[in-house]
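Peer 1: mind looking at a prediction? Sequence and model below.
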Amino acid sequence: MTEVISPCSERFSTTVRTKKGPTAVTETAQDFSLLFVDDEVDFLETIEEFFGDLGYTVYTARDGQEALPRVKEHLPRTVFLDIHAPYGW
C-alpha cells in the first residue's frame, strides 16, 4: 500500500533568504516538476496521472540508470526514489 499526501492548497508560500534579506515566494503546482523512480510500472502510471491531474509536471524512470539522464535534462524540483528498485541508489 502506498499513501500519497500532497499540499491541499493550490498556492503556497515559502520564504527564501537572499543577499537582500528574506523574500516571500508564492508558487503553484505548475512551478514544480517531479521525477518518480520505481521499477513498478503500474505505480508509475498511477502516480503520473495523480500528480499530473494536480497540475505538476511529472517525469518517470524505472531505475537509477534511467533516472540520471532525466535529472540532467529536466532538473526536477523533487525526486522520489525507490531505493529498493534495481540500480536505485
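Peer 2: Yep, it's here.

Peer 1: how close does the nearest residue to Phe32 once chain neighbours are set aside sit to Leu34?
Peer 2: Closest residue in space to Phe32, ignoring its immediate chain neighbours: Arg77 at 4.6 Å, by CB to CB, 6 or more residues apart in numbering. C-beta coordinates here come from the backbone N, C-alpha and C atoms, glycine included. Between Arg77 and Leu34 the distance is 7 Å, computed by CB to CB, to the nearest Å.

Peer 1: same deal with Val71?
Peer 2: Val71 sits at a distance of 12 Å from Leu34 (criterion: CB to CB).

Peer 1: those two - which one has more neighbours?
Peer 2: When Val71 and Leu34 are compared for neighbours, Leu34 comes out ahead with 21 against 15, by other CB atoms under 10 Å.

Peer 1: ranges for the strands of the protein?
Peer 2: Under the criterion DSSP state E, the chain contains strands at 11-18, 21-28, 33-37, 57-61, 78-81.

Peer 1: so who does the closest residue to Phe51 other than its chain neighbours touch?
Peer 2: With sequence-adjacent residues excluded and distances taken as CB to CB, 6+ apart, Phe51 is closest to Val58, at 4.9 Å. For Val58, the set of contacting residues under the criterion of CB atoms under 8 Å, 6 or more residues apart in numbering consists of 33-36, 47-48, 51-52.

Peer 1: what about the nearest residue to Pro86 once chain neighbours are set aside, distance to Lys20?
Peer 2: Counting by CB to CB, 6+ apart, Asp63 is the residue found nearest to Pro86 once chain neighbours are left out, at 4.8 Å. Summarising the geometry, the distance separating Asp63 from Lys20, computed by CB to CB, is 42 Å.

Peer 1: between these two, who's got more neighbours?
Peer 2: For Asp63 versus Lys20, the count of surrounding residues by other CB under 10 Å is larger for Asp63: 16 against 6.

Peer 1: surely the more buried one and Val41 touch.
Peer 2: No. Counting by CB atoms under 8 Å, Asp63 does not reach Val41; the two are 11.6 Å apart.
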